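Novice: generate a structure from the sequence data that follows.
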Amino acid sequence: MIDHLGIPVGDLARATEFFLKALLPLGHGIVMEVSAAETGHGASVGFGPPGKDSDFQSGKPSFWIGEGMRLGGPIHVAFVAPSRAGVDAFYRAALAAGGKDNGPPGLRPHYHTNYYAAFVLDPDGNNIEAVCHASPA
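Specialist: Residues are numbered from 1 along each chain as shown. Modelled structure (predicted):
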């Protein structure tokens, strides 16, 4: 249903470094960068999976961060992890990149039996989640 999503950040360089490290365990990297002149409002960085030949530059950006006015409150974004180990790797990488714990990896059965997720606050206070819906192997 959603083609892509963008969120404003207070410091584009800091947020880019955080998301680059946090999303790499989930197979996502920088796919595209656009300048303020190109967007007409602020520079942006697009993240997504690699495209042909495992090259990020040929991938399609589905998550964007950009310079812009701060929203009224934090945003919650959940990224699909291919496995529970992927959720764990995201959590470790996000904390190492400067994120703050907002819920360690584990089952959240109040959502459904196999909802395995971890939550980290990014440098702007947004709630960033990695989730795996698959049953354990």
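Novice: chain center to stretch 18-26, what's the gap?
Specialist: Chain-centre distance of stretch 18-26: 7 Å, with C-alpha atoms, centre = their mean, to the nearest Å.
Novice: quick check: mean pLDDT of it?
Specialist: The average pLDDT within stretch 18-26 is 97.
Novice: with only the CA atoms kept, save it in PDB.
Specialist: The C-alpha coordinates for stretch 18-26 follow below in PDB (Å, rounded to 0.1, in the frame of the first residue of the first chain):
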ATOM      1  CA  PHE A  18      22.400   6.400  12.700                       C
ATOM      2  CA  PHE A  19      20.100   4.900  10.100                       C
ATOM      3  CA  LEU A  20      22.900   3.600   7.900                       C
ATOM      4  CA  LYS A  21      24.300   1.600  10.800                       C
ATOM      5  CA  ALA A  22      20.900   0.600  12.200                       C
ATOM      6  CA  LEU A  23      19.300  -0.600   8.900                       C
ATOM      7  CA  LEU A  24      22.400  -2.400   7.500                       C
ATOM      8  CA  PRO A  25      21.600  -5.600   9.400                       C
ATOM      9  CA  LEU A  26      18.200  -5.600   7.800                       C
END
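Novice: buried residues in the helix or strand where residue 79 lies?
Specialist: Using DSSP states H and E, residue 79 maps to strand 76-80. By neighbour count on 16 or more other C-beta atoms under 10 Å, the buried set for strand 76-80 is residue 79. Backbone N, C-alpha and C define where each C-beta goes, glycine included.
Novice: how about the strands in this structure?
Specialist: For the chain, the strands defined by DSSP state E occupy 5-9, 29-34, 44-48, 63-67, 76-80, 100-101, 106-107, 116-121, 127-132.
Novice: how about those strands, which one is nearest residue 21?
Specialist: When the strands of the chain are compared by C-beta to C-beta, strand 29-34 sits nearest residue 21, at 10.2 Å.
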